[in-house]
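Engineer: no FASTA, just this:
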C-alpha cells in the first residue's frame, strides 16, 4: 500500500471551507481529519478526540518538551497544537490526512514537512468576503471589522500555498477541491 | 485574464497517451497542442502547421542559432524541435499549452522552464506494457523488443515528473488526467 498524502487546508472565515471539507470527509476510508489538541476546557457537547483532544496544561507542556507537536500556538490564554504521531500513523496506513489550520500554523508546517501539500480556499474577491462577513447578521460591528482585518491578513498568505481554490460557486469549488486532492494523490514524491 | 499553464506530457508507447490527450484537446479554447517543427519530409496526408511545422535544414539551423527552440534533437538523420514563441503566445492568451514529448526532451524543458508542469502517463506495470506492445500484432519481434527496451528506459524517468497517471482503466485515467490538469490550473505560481 502506498502512503497517504498530508494535505494542509487554510481559508479565511466566510470562504465555505467547512462545507467543502465536510463534503470530502464523508469518505472516511480515504481521508482522516487531523484533530487538534488543546488546553481549553471542553464546551457543551464537545467530545474528546472528536472535536479536540483535551489536555491539561501540564500534559501539553510535556508534549511540547518531547517535540510531539508539528505546530502549536497560544490564543486567548489557551494552547492549541497538532500532534505528529496520529498524522504519521494515518499516512502510513494509506489514508490522506486533512489538516485544517490558520495561515501561521500552516507556515510552521511548511518548514517541518516537505511532504505536505498546501491548499488555500479563497473568496472571489475581498469585497465579496467583506459582504459575506458583514452579512452574517446582528453581530457587533467591531467584531466584524476585526474579522475582516484577520481575513485580509490571511488572504495575503495565499501565495505561499500550492493550490488555490476560489469559492465563487460552491458546487464548482467542491469539484475543484476534489480535483486538487486527486492530483495530490497522483503527485510523484521527490 | 490570467496566463495559461505549460503542461508537458510524456508516456511510453502503449500507455494510451493519444486517446487521453485526444479527449481533452477537444476543448480548443482551453488547450493548445504544441506542434513540433521538423526537417523530415511531410508524409502523405500530413499538413504543415497541423502535424508538424515542416522546415528546411537551413531554416532549422537558423532557428537553433537564434535560440528559438525550447528543445531540439535529431532522430534518424532528421531534426525535431519545439519553438518557444508559439508556446508563449498561447500562454499569454490564457490558453494551457500541452506539450507531448519523450523523456529526454522533457528533461531539457525542465531546465529551461521552471513554470512548466510535468505529467507522466504510466502503464499499470511493466508486464502489462510488454503485453500491450507485443499484442499489437504481426510486427517483427526485433522491433517489438526494441520498443520494450525504449519503454523501460522511459519508465525509469517517471520520478522526474510532477504527476503520474496510471492507465489501468481508460475511463479512470482520463478522469485522473483531467483532475491533474484542473489542479495545475489552480496551482499558485511561485
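Structural biologist: Nice, I can see it. None of these values were measured; they are calculated from a predicted model. Numbering: from 1, shown residues only, chains lettered A, B, ... in the order given.

Engineer: who touches the residue of chain A found nearest chain B in this structure?
Structural biologist: The nearest approach of chain A to chain B comes at residue A:183, 3.2 Å away (Cβ to the nearest Cβ). No exception for glycine: its C-beta is placed from N, CA and C like everyone else's. Residues near residue A:183 by Cβ atoms under 8 Å, 6 or more residues apart in numbering or on different chains: B:163, B:179, B:180, B:182, B:183, B:184.

Engineer: in whichever strand or helix holds residue A:107, which residues are buried?
Structural biologist: Secondary structure assignment for residue A:107, by DSSP states H and E: helix A:103-112. By neighbour count with 16 or more other Cβ atoms under 10 Å in any protein chain shown, helix A:103-112 contains the buried residues A:103, A:105, A:106, A:107, A:108, A:109, A:110.

Engineer: of the contacts of residue A:183, which pair is most distant in space?
Structural biologist: Spanning the widest gap among the contacts of residue A:183 are B:163 and B:182, at 11.6 Å by Cβ to Cβ.

Engineer: more crowded one of the two?
Structural biologist: The residue with more neighbours, out of residue B:163 and residue B:182, is residue B:163; 26 against 18, by other Cβ atoms under 10 Å in any protein chain shown.

Engineer: circling back: closest to residue B:172 among the contacts of residue A:183?
Structural biologist: Nearest member of the contacts of residue A:183 to residue B:172, counting by Cβ to Cβ, is residue B:179, at 10.4 Å.

Engineer: that closest one and residue A:179 touch, don't they?
Structural biologist: Yes: the pair residue B:179 / residue A:179 is scored as a contact, 4.2 Å apart, by Cβ atoms under 8 Å.

Engineer: low-confidence stretches in chain A?
Structural biologist: Along chain A, the parts satisfying pLDDT under 70 run over A:136-138.

Engineer: need the strands for it, in chain order.
Structural biologist: Assigned by DSSP state E, the strands in chain A fall at A:6-10, A:31-33, A:37-38, A:53-54, A:69-75, A:78-83, A:96-100, A:116-122, A:163-166.

Engineer: need these in TSV (columns: distance to residue A:154).
Structural biologist: Shown next, in TSV, are these (distance: least, Cβ to Cβ, whole Å):
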stretch	distance to residue A:154
strand A:6-10	7
strand A:31-33	20
strand A:37-38	20
strand A:53-54	25
strand A:69-75	14
strand A:78-83	16
strand A:96-100	13
strand A:116-122	9
strand A:163-166	12
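
Engineer: relative to residue A:17, which of those is closest?
Structural biologist: Nearest to residue A:17, of those and by Cβ to Cβ, is strand A:116-122 at 5.1 Å.

Engineer: what's the angle between the closest one and strand A:96-100?
Structural biologist: 50 degrees (axes from the mean of the first three to the mean of the last three Cα atoms, to 10 degrees).

Engineer: mind giving me the packing neighbours of strand A:116-122?
Structural biologist: strand A:6-10, helix A:103-112, strand A:163-166, helix A:170-185 (3 or more Cβ pairs under 8 Å, 6 or more residues apart in numbering or on different chains; DSSP states H and E).

Engineer: could you rerun that using 7 Å?
Structural biologist: strand A:6-10, helix A:103-112, strand A:163-166 (3 or more Cβ pairs under 7 Å, 6 or more residues apart in numbering or on different chains; DSSP states H and E).

Engineer: give me the contact list for the second one.
Structural biologist: When you say that, I think you mean helix A:103-112. A:8, A:10, A:70, A:71, A:73, A:116, A:118, A:154, A:157, A:160 (Cβ atoms under 7 Å, 6 or more residues apart in numbering or on different chains).

Engineer: my guess is the fifth one contacts residue A:64, does it?
Structural biologist: Think residue A:73. No: the pair residue A:73 / residue A:64 is not scored as a contact, 11.1 Å apart, by Cβ atoms under 7 Å.

Engineer: how about the nearest residue to residue A:53, chain neighbours excluded?
Structural biologist: Using Cβ to Cβ, 6 or more residues apart in numbering or on different chains and skipping the chain neighbours, the partner closest in space to residue A:53 is residue A:37 (4.1 Å).

Engineer: any idea what the one you found is bridged to?
Structural biologist: residue A:53, residue A:81 (DSSP bridges).

Engineer: residues near it, how many?
Structural biologist: By other Cβ under 10 Å, 21 other residues sit near residue A:37.

Engineer: which residues sit in contact with it?
Structural biologist: Per Cβ under 7 Å, 6+ apart, neighbours of residue A:37: A:52, A:53, A:55, A:60, A:81, A:83.

Engineer: try residue A:18
Structural biologist: Counted by Cβ under 7 Å, 6+ apart, residue A:18 has zero contacts.

Engineer: what distance do you get for it to residue B:100?
Structural biologist: Plainly put, residue A:18 is 41 Å away from residue B:100 if you go by Cβ to Cβ, to the nearest Å.

Engineer: which residues of chain A lie near chain B?
Structural biologist: By Cβ under 7 Å from any Cβ of the partner chain, the residues of chain A that approach chain B are A:158-159, A:161-165, A:176, A:179-180, A:182-183, A:186-188.

Engineer: try it again at 6 Å.
Structural biologist: A:159, A:161, A:163, A:164, A:165, A:179, A:180, A:182, A:183, A:186, A:187, A:188 (Cβ under 6 Å from any Cβ of the partner chain).

Engineer: restricted to buried residues, select the residues you listed in PyMOL.
Structural biologist: Per 16+ other Cβ under 10 Å, the buried members of the residues of chain A next to chain B correspond to this PyMOL selection:
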select buried, chain A and resi 161+163+164+165+179+180+182+183+186+187
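
Engineer: closest to residue A:135 among the residues of chain A next to chain B?
Structural biologist: residue A:165 (21.6 Å).

Engineer: okay, and the beta partners of that closest one?
Structural biologist: Going by DSSP bridges, residue A:165 is paired in beta bridges with residue A:121.

Engineer: surely it and residue A:177 touch.
Structural biologist: Yes: under the criterion of Cβ atoms under 6 Å, residue A:165 makes contact with residue A:177 at 5.1 Å.
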